[in-house]
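Participant: Sequence and predicted model, in that order:
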Amino acid sequence: MFKKYTNQKLHKDVPMYIWKGEFNNLRKYLNELSFDKIIIFSDSNVLGIYKSSIESLLEGVSHSIVQINPGEKSKNFETFVKKSDEVLSQKITSKTIVILFGGGVVGNLWWLISSTLLRWIRFIHIPTTFLAQSDSCMWWKQGINTSAWKNTIWAVVEPEFIIVDFDFLKTLNKREVLNGVSESIKHAIIQDEDLFDWYTKHDAWNLTQEDIQNLAEKTLLMKLNIMEQNDVNKWIWSIMKYGHEVWHAIEMVSNNFLHGEAVSIGIVLTTLLEYLAWKKDKTFFQEISETFIKWWLPIFWGEDFDTHQLCEQLEHEWQLSKEKGIKLRTIKDIGKVEHLKADDIFFSVPYDTFTTVVQKYKTYLS
Ligand SMILES: NC(=O)c1ccc[n+]([C@@H]2O[C@H](COP(=O)([O-])OP(=O)(O)OC[C@H]3O[C@@H](n4cnc5c(N)ncnc54)[C@H](O)[C@@H]3O)[C@@H](O)[C@H]2O)c1
Ligand SMILES: [Zn+2]
């Protein structure tokens, strides 16, 4: 399947080659660009599984590898500096192309390196996780964390093209698959009632490889659908951040959560606040909570979680204030994004209500 999306900031179209087995066409697509050498930028887990496959596809092409340690801890300034040095030591020229090969962490880090080294290094992107294939690979800005805040230093660049090959998902562990499923459920709540219905009737226990690939494809197309509407309805982009107002802060307070896991908690907390503060039907909160539980996604941050620190972090991030409380995104009807109007997407919760609900959160879940 061939798709493309437009980076509205750069006015650039990014071609996407999407299907099982597309990775094998890497050489064909690369040959449409002119280059002197290739650098593969990846992490040690991905290379542990796919190094020989990618190297055999690049047989006869001058190439080298720059590798990072896997996981969120690599998204920092120290790794950025170290890996920038390593890329520079490979004697890159303006004709060098980087193959960005891995999940969201590799992507986030490379985005920044690419935009800062020698002003611009062309790259292509081969996302290998559910989350990266259906979400982060199509995001115009990406960045790294500082100790005070997540994703604070970022850049706006775009790859020459993206290859999304769902076969990579076969080697992904279940927790990482479900990390992507969380974003998929979010998209279903926003724009696909049938898919949300499917999620309510199935569960993580019986998930097949075929299901995983279908879900990743559906989620990717749902995200593309919103990105394509950006010209017409700028506010519609904002709804993709549903449940995301508190995820930064949840991840800052506890290192235990993956992105999708903090998002599932964020969405459940949002629906609870809508029920308590805005008298929305309780069944909405219950249905959403039960669905995330079936997909082994957390709806609670755990006993050791410091809720005071969460509120402090939200104030620090300017999401929460004593005067204005907090503004959260809302979904009026499952799967009916086309009926949303700009004024409909936010609701406000006063400061005292928010902090009280957060402190007593567990009692509402039982
Ligand atoms: N900028 C954005 O738009 C955006 C959107 C969503 C998430 N993110 C960021 O993305 C990051 C998470 O991305 P992620 O979930 O892809 O994490 P990740 O890159 O850390 O990958 C998760 C784990 O899976 C391994 N892995 C990757 N591909 C594999 C494969 N095919 N088989 C086996 N193992 C594989 C990795 O080595 C890693 O250990 C977070 O830092 C999050 O903040 C950014
Ligand atoms: Zn997200």
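Facilitator: Okay, I see it. Ligands and ions are numbered 1, 2, ... in the order given.

Participant: Quick one: neighbours of the nearest residue to E274 once chain neighbours are set aside, just the number.
Facilitator: Leaving aside its sequence neighbours, E274 sits nearest to K280 (CB to CB, 6 or more residues apart in numbering; 4.1 Å). To be clear about C-beta, it is placed using only N, CA and C from the backbone, and glycine gets the same treatment. K280 has 17 neighbours, counted by other CB atoms under 10 Å.

Participant: what do you get for S115?
Facilitator: A count of nearby residues for S115, using other CB under 10 Å, gives 18.

Participant: what helix or strand does it sit in?
Facilitator: For S115, the host element (DSSP states H and E) is helix 104-116.

Participant: how near is the residue nearest to E274 to ligand 1?
Facilitator: From K280 across to ligand 1, the span is 27 Å (CB to the nearest ligand atom, to the nearest Å).

Participant: where in the stretch 101-250 of the chain is pLDDT low?
Facilitator: Scanning the stretch 101-250 of the chain with the threshold set as pLDDT under 70 gives 119, 230-234.

Participant: which residues of the stretch 251-366 of the chain score low on pLDDT?
Facilitator: Using pLDDT under 70, the stretch 251-366 of the chain drops low at 339-340.

Participant: how about the residues of it that lie near ligand 1?
Facilitator: Within the stretch 251-366 of the chain, the positions lying close to ligand 1 (CB under 6 Å from any ligand atom) are H259.

Participant: Please, where are all the strands along the stretch 251-366 of the chain?
Facilitator: 320-321, 325-329, 346-349 (DSSP state E, counting those that start in this stretch).

Participant: Can you list the strands that the shortest one pairs with?
Facilitator: Using DSSP bridges, the strands paired with strand 320-321 are strand 325-329 (antiparallel).

Participant: buried set for the partner strand?
Facilitator: Buried residues in strand 325-329, counted by 16 or more other CB atoms under 10 Å: 325-326, 328-329.

Participant: Relative to T200, which of the residues you listed is nearest.
Facilitator: Distances from T200 to the buried residues of strand 325-329, taken as CB to CB, are shortest for R329 (21.2 Å).

Participant: who in the stretch 1-150 of the chain is up against ligand 1?
Facilitator: Counting by CB under 6 Å from any ligand atom, the residues of the stretch 1-150 of the chain near ligand 1 are 43, 45-46, 49, 70-72, 75, 102-106, 108, 128-129, 131-132, 135-136, 139, 142.

Participant: Next, the contact list for the residue in the stretch 251-366 of the chain that ligand 1 sits nearest to, please.
Facilitator: Distance from ligand 1 to each residue of the stretch 251-366 of the chain (CB to the nearest ligand atom) is smallest for H259, at 4.2 Å. H259 is in contact with 104, 131, 179, 182-183, 247, 251, counting by CB atoms under 8 Å, 6 or more residues apart in numbering.

Participant: The residue nearest to E274 and I288: what is the separation?
Facilitator: Using CB to CB, to the nearest Å, K280 is found at 11 Å from I288.

Participant: joint contacts of these two?
Facilitator: T271.

Participant: on that earlier part again, mark which of the residues of the stretch 1-150 of the chain next to ligand 1 are buried, thanks.
Facilitator: Buried members of those, scored by 16+ other CB under 10 Å, are 43, 45-46, 70, 72, 75, 102-106, 108, 128-129, 131-132, 135-136, 139, 142.

Participant: Okay, and which of those residues map to strands?
Facilitator: 43, 102, 142 (DSSP state E).

Participant: Can you lay out those residues as a markdown table showing distance to S114?
Facilitator: Listed next are these as a markdown table, based on distance: CB to CB, whole Å:
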| residue | distance to S114 |
| --- | --- |
| D43 | 16 |
| G102 | 14 |
| Q142 | 10 |
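
Participant: and which of the buried residues of strand 325-329 is nearest to F300?
Facilitator: Taking CB to CB as the measure, F300 lies nearest L328 of these, at 18.0 Å.

Participant: The closest one contacts L272, doesn't it?
Facilitator: No: here L328 lies out of contact with L272, judged by CB atoms under 8 Å, at a distance of 10.7 Å.

Participant: Next up, the contacts around the spatially closest residue to L207 that is not a sequence neighbour.
Facilitator: Distances taken as CB to CB, 6+ apart place V177 nearest to L207, at 7.4 Å, with adjacent residues excluded. The contact partners of V177, by CB under 8 Å, 6+ apart, come to 130, 169, 207, 212.

Participant: Just give me the closest of these to ligand 1.
Facilitator: L169 (6.5 Å).

Participant: Go ahead and report the secondary structure state at the spatially closest residue to that closest one that is not a sequence neighbour.
Facilitator: Among residues not flanking L169 along the chain, I212 sits closest, at 5.3 Å (CB to CB, 6+ apart). Three-state assignment for I212 (DSSP: H, G, I helix; E, B strand; the rest coil): helix.

Participant: how many other residues sit next to I212?
Facilitator: Neighbour tally, I212, other CB under 10 Å: 20.

Participant: L207 too?
Facilitator: Other residues near L207 number 17, with proximity taken as other CB under 10 Å.

Participant: ditto for L215
Facilitator: 25.

Participant: is ligand 1 contacted by the helix or strand hosting it?
Facilitator: Using DSSP H and E, L215 maps to helix 209-228. No: if you take CB under 6 Å from any ligand atom as the test, helix 209-228 misses ligand 1, and the best it gets is 9.8 Å.

Participant: Contacts made by that helix with the rest, please.
Facilitator: Residues outside helix 209-228 that contact it (CB under 8 Å, 6+ apart): 3, 5-6, 18, 20, 130, 133-135, 138, 164, 166-167, 169-170, 177, 180-181, 183-184, 187-188, 190-192, 195, 202, 236-237, 239-240, 337.
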